[in-house]
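Participant: The following block contains a protein sequence and its predicted model.
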2 protein chains.
Amino acid sequence: MSRLDRSLIAGLPPFEGMAPADLDRMLAQARSQRIAKDEAVFEQEDAAHAFFLLLDGHVRVIKTTPDGQQVIVRYISPGELLGIAHALGRTTYPASAVAAVDCVVLAWPGHLWPEFAAAFPNFGANTYKTVGSRLQDTQTRVVEMATEQVERRVAHALLRLIDQTGRKTEDGILIDFPISRQDIAEMTGTTLHTVSRLLTAWEDQGLVKSGRQKVAVTEPHHLQLLAEGRLPKS
Amino acid sequence: MSRLDRSLIAGLPPFEGMAPADLDRMLAQARSQRIAKDEAVFEQEDAAHAFFLLLDGHVRVIKTTPDGQQVIVRYISPGELLGIAHALGRTTYPASAVAAVDCVVLAWPGHLWPEFAAAFPNFGANTYKTVGSRLQDTQTRVVEMATEQVERRVAHALLRLIDQTGRKTEDGILIDFPISRQDIAEMTGTTLHTVSRLLTAWEDQGLVKSGRQKVAVTEPHHLQLLAEGRLPKS
DNA sequence: CCGGAACGTTGCGCCGGATCAAACGGCGGC
DNA sequence: GCCGCCGTTTGATCCGGCGCAACGTTCCGG
């Protein structure tokens, strides 16, 4: 197995404030791993044998209900940790993580967590901050689901996506990985039909451009107004 | 100000595994405080100047949207921490906390957090575990909101409440603080009207007994089946 | 080049639950 | 003991969005 270079992770948020030597010590225990599109990084309910850092690609975190319905909990972008169940005292993954495109991750054995948290206090603190802001995000989503109707929820979801992973193109800000109407529906608790209707309506108004597994937002500001519900309905 | 006795907090989950002397050191910096029913422990958006331990009573954590709608994020029971925004690197409270009944809390100045986390590793670890399980709970709630319809959501909410705060009475398991249909509606993202209709329907079937600001579950197992949607609809 | 699968679009009917409206009943204050 | 208020009940109506179904389109493999 090839040696991992420190520059891979130096400067990423989870490692903020760590000494170079400590980065090396962490890397020495990491294993780099390729995950092909549509393959799982880990599966819901499995024993949490490892935690991961996404180096390249995008990952969907999915929860499946007993009756088989799926909900996309969040998308992970490069530089973020995933599968940190161990840090939170859980022994099993609460969701599945699936590669949205071909991905590269670093993997550490889960049992190293307490060791790392103790030896690298900045790493621990950074992680807990992440968990805190994920808790925030999730609570905000509960509020959204409880108070907003579908159109605004979908608008919010798109805005979050372009914020996280947007890439400028001549069509506007493009979501940087293949995403279907079904995916958006699973993020917002609706059906692909409704998402399709919304997107075509928005496309007619020139707010977005979308195609097969692809969405680009041309008028983010206008979409924002829509998301916040201060738009007279045409 | 009167001296706080160690027995107040010894044995509570957040202090699991701490030395008695350390409990005393923490208590020495705490201030005990009474909060009258319907008063706020802290308010959304305020600077997070303190974190709290609920000693007695019950507290509602509420998020309010820009247009004034409210969502009850969770209920806090005695022995739980609240207002721990500081632990998560936030400087402001993301929600309000309102006493559901007369309450007693301990308050610590927020700036002590890093000190405590460093000096009492068990305390820090316990807290992060709590945050982790709250993240879990919240994600589960997102899944519920996205996939279940109102009846099942309300059933789930009641089951969680009796699980957290249930007290046995001759009417069944009673929720241990005053709770209105409006409150339940704000927990589940529906209206008080719908909650009222559901409760009367359930009362007719002998599943619950409810009255003004009071709900008791007489048939938790049956309600559980309903919550899980494996009940032929009558 | 062809055929099939996967993804997307669109029309239609229906229903769960929100909204609006009104009246009731118990509890606390005076 | 009476009054007023707050929480609750119940009815009537309306509509957003889901379910279903059919069709179009792009992509991929053979």
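Facilitator: Yep, it's here. Only a predicted model underlies this, so the values are computations on that prediction, with no experimental measurement involved.

Participant: centre of the chain versus the lengthiest helix in chain A, how much separation?
Facilitator: Ranked by residue count and defined by DSSP state H, the top helix of chain A is helix A:121-147. Remark: helix A:121-147 is offset 12 Å from the chain centroid, using Cα atoms, centre = their mean, to the nearest Å.

Participant: chain center to the very next helix or strand once past it, what's the gap?
Facilitator: Going down the chain from helix A:121-147, the next helix or strand is helix A:150-165, by DSSP states H and E. Here helix A:150-165 is found 13 Å from its chain centre; the criterion is Cα atoms, centre = their mean.

Participant: cool, stretch A:13-32 as well?
Facilitator: 22 Å.

Participant: Check which residues of it are buried.
Facilitator: Residues of stretch A:13-32 classed as buried by neighbour count (16 or more other Cβ atoms under 10 Å in any protein chain shown): A:14, A:15, A:18, A:22, A:23, A:26, A:27, A:30. Any C-beta I mention is one placed from the backbone N, CA and C, and that applies to glycine too.

Participant: For that stretch, measure first residue to last.
Facilitator: One end of stretch A:13-32 to the other measures 19 Å (Cα to Cα, to the nearest Å).

Participant: Show me the helices in chain A, by range?
Facilitator: A:20-28, A:113-119, A:121-147, A:150-165, A:181-188, A:192-204, A:220-227.

Participant: can you tell me how far the closest residue to residue A:227 other than its chain neighbours sits from residue A:184?
Facilitator: Counting by Cβ to Cβ, 6 or more residues apart in numbering or on different chains, residue A:227 lies nearest to residue A:155, which is 3.7 Å off, once chain neighbours are set aside. Distance of residue A:155 to residue A:184, computed by Cβ to Cβ, to the nearest Å: 11 Å.

Participant: next one: residue A:5
Facilitator: Distance of residue A:5 to residue A:184, given as Cβ to Cβ: 37 Å.

Participant: okay, those two: which has more neighbours?
Facilitator: Just comparing residue A:5 and residue A:184: by other Cβ atoms under 10 Å in any protein chain shown the higher neighbour count belongs to residue A:184, 25 against 11.

Participant: For the more buried one, which non-adjacent residue is spatially closest?
Facilitator: Excluding its sequence neighbours, the residue lying closest to residue A:184 (Cβ to Cβ, 6+ apart) is residue A:195, at 4.8 Å.

Participant: Pull the number of nearby residues for the one you found.
Facilitator: Applying other Cβ under 10 Å, we find 25 residues neighbouring residue A:195.

Participant: Over to residue A:159?
Facilitator: Counted with other Cβ under 10 Å, the neighbours of residue A:159 add up to 19.

Participant: can you pull the contacts of it?
Facilitator: Residue A:159 is in contact with A:217, A:220, A:223, A:224, A:227, counting by Cβ atoms under 8 Å, 6 or more residues apart in numbering or on different chains.

Participant: any idea how far it lies from DNA strand C?
Facilitator: In this view, residue A:159 and DNA strand C are 19 Å apart by Cβ to the nearest atom of the strand, to the nearest Å.

Participant: Against residue B:136, how distant is that residue?
Facilitator: Using Cβ to Cβ, residue A:159 is found at 26 Å from residue B:136.

Participant: which residues sit in contact with the residue nearest to residue A:180 when sequence neighbours are not counted?
Facilitator: Of all residues not flanking residue A:180 in the chain, residue A:213 sits nearest, at 5.4 Å (Cβ to Cβ, 6+ apart). Listed by Cβ under 8 Å, 6+ apart, the contact set of residue A:213 reads A:178, A:179, A:180.

Participant: Same question for residue A:88.
Facilitator: A:131, B:128, B:129, B:131, B:132, B:133, B:135, B:136.

Participant: Show me which of these are buried.
Facilitator: Among these, the ones that count as buried by 16+ other Cβ under 10 Å are A:131, B:128, B:129, B:131, B:132, B:135, B:136.

Participant: which of these lies closest to residue A:231?
Facilitator: Nearest to residue A:231 out of the buried ones among the contacts of residue A:88 is residue B:135 (Cβ to Cβ; 32.8 Å).

Participant: my guess is the closest one meets residue A:134, correct?
Facilitator: Yes - using Cβ atoms under 8 Å, residue B:135 makes contact with residue A:134 at a distance of 6.1 Å.

Participant: ok, now how distant is residue A:211 from DNA strand D?
Facilitator: According to Cβ to the nearest atom of the strand, residue A:211 and DNA strand D sit 7 Å apart.

Participant: picking that back up, most packed of the helices of chain A?
Facilitator: When the helices of chain A are scored by mean count of other Cβ atoms under 10 Å in any protein chain shown, the highest mean neighbour count falls to helix A:181-188 (a mean of 23).

Participant: do that one and DNA strand C meet?
Facilitator: Yes - applying Cβ under 7 Å from any atom of the strand, one finds helix A:181-188 in contact with DNA strand C at A:181, A:182.

Participant: So which other helices or strands are in contact with that helix?
Facilitator: Packing contacts for helix A:181-188, counted by 3 or more Cβ pairs under 8 Å, 6 or more residues apart in numbering or on different chains; DSSP states H and E, involve strand A:70-76, helix A:150-165, helix A:192-204.

Participant: Now do the contacts for the most centrally placed residue in chain A.
Facilitator: For chain A, the residue nearest the mean C-alpha position is residue A:75 (1.8 Å; Cα atoms, centre = their mean). By Cβ under 8 Å, 6+ apart, the contact list for residue A:75 reads A:58, A:59, A:60, A:61, A:100, A:161, A:164, A:165.

Participant: Between those residues, which sits nearest chain B?
Facilitator: Taking Cβ to the nearest Cβ as the measure, residue A:61 is the one of those closest to chain B, at 9.1 Å.

Participant: close enough to count as contact, residue A:15 and residue A:23?
Facilitator: Yes - under the criterion of Cβ under 8 Å, residue A:15 makes contact with residue A:23 at 6.1 Å.
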